[in-house]
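J.: Build the 3D model from these lines:
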Amino acid sequence: MISAKILFSLPLTALACSFEGVAESAIKSEFKPELLQGFWYEQSYSDFAQIGSTCQTMEVAFNESTQTISSNFSVMYRSTPFTIVENYAPQGPAVYRKSVKAPHGMPGGSLVGLPTAVIGAELSATGSEYQSLSLYSCFKIGPMVLHAIEIFSRSSTLDEATLEQIIDSALARGIPIPKSKLIRVNHAGCGRLARPMGSALIHYNARRSSWDFSFIH
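T.: Model prediction:
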């Protein structure tokens, strides 16, 4: 088992962390979640749950009957690959309750639901799928609110000018994260993490005011 303690020094705001709150930043145009299906590469992020991770990708599936989205979110932590299943239950147009499936059948993963909004989704030239995706989530811990933003594209590479445009458009929706806090993902040498090869356990340690991040093989 590999363990790492994650500390937070990000500025936190009093912005309401609720489904209604994140809905204020959600895209207002017609959103078609079925066009998210397929493989994605994370290009940039500011996310309390990804500190120390690299090579982030996700594979998205859509359930038409329930309108739910699920993804296999895969990363490398040092030399250890793992995949965690994320579930998105609809709460309104482009607004979801994001939860994770706890590894090895452990209970409790679905009990924490993060208000999450789609704050950007650009259609491909053919209109058959989205080619870029921006997500905003928040997490309330007592009086504190943590904010996260994730930028994805279909291609493993994305030129800086295009990425800057996507980030600027996302942050213009009132996301309380400084642009300087976003981390660029470099997929060179990553390969494609297509299979779960480990699992992550994440929990907040109130006594130490930190997150404990453990990896199990």
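J.: what separates Ser65 from Tyr45, distance-wise?
T.: From Ser65 across to Tyr45, the span is 31 Å (C-beta to C-beta, to the nearest Å). C-beta here means a position set from N, CA and C on the backbone, and glycine is covered the same way.
J.: more crowded one of the two?
T.: When Ser65 is set against Tyr45 and neighbours are counted by other C-beta atoms under 10 Å, the residue ahead is Tyr45, at 21 against 5.
J.: From Gly142, how far off is the more buried one?
T.: Counting by C-beta to C-beta, the gap from Tyr45 to Gly142 is 24 Å.
J.: tell me what the longest helix belonging to the chain is packed against?
T.: Criterion DSSP state H: the longest helix present in the chain is helix 160-171. Under the contact criterion of 3 or more C-beta pairs under 8 Å, 6 or more residues apart in numbering; DSSP states H and E, helix 160-171 touches strand 38-46, strand 114-123, strand 130-141, strand 144-153.
J.: For the next helix or strand after it, report the contacting residues that lie outside it.
T.: The element immediately downstream of helix 160-171 (helix or strand, assigned by DSSP states H and E) is strand 183-184. With C-beta atoms under 8 Å, 6 or more residues apart in numbering as the test, strand 183-184 has contacts from 43-46, 163.
J.: same deal with stretch 160-179?
T.: Around stretch 160-179, the neighbours that count as contacts under C-beta under 8 Å, 6+ apart are 11, 13, 15, 24-25, 43-44, 46, 119-120, 122, 132, 134, 136, 147-149, 151, 182, 184.
J.: Same check on stretch 52-65?
T.: Taking contacts as C-beta under 8 Å, 6+ apart, the residues outside stretch 52-65 that touch it are 4, 6, 33-34, 36-42, 45, 50, 68-78, 81, 86, 152, 185-187, 190-194, 213.
J.: If anything else comes up later, I'll come back, but that's it for now.
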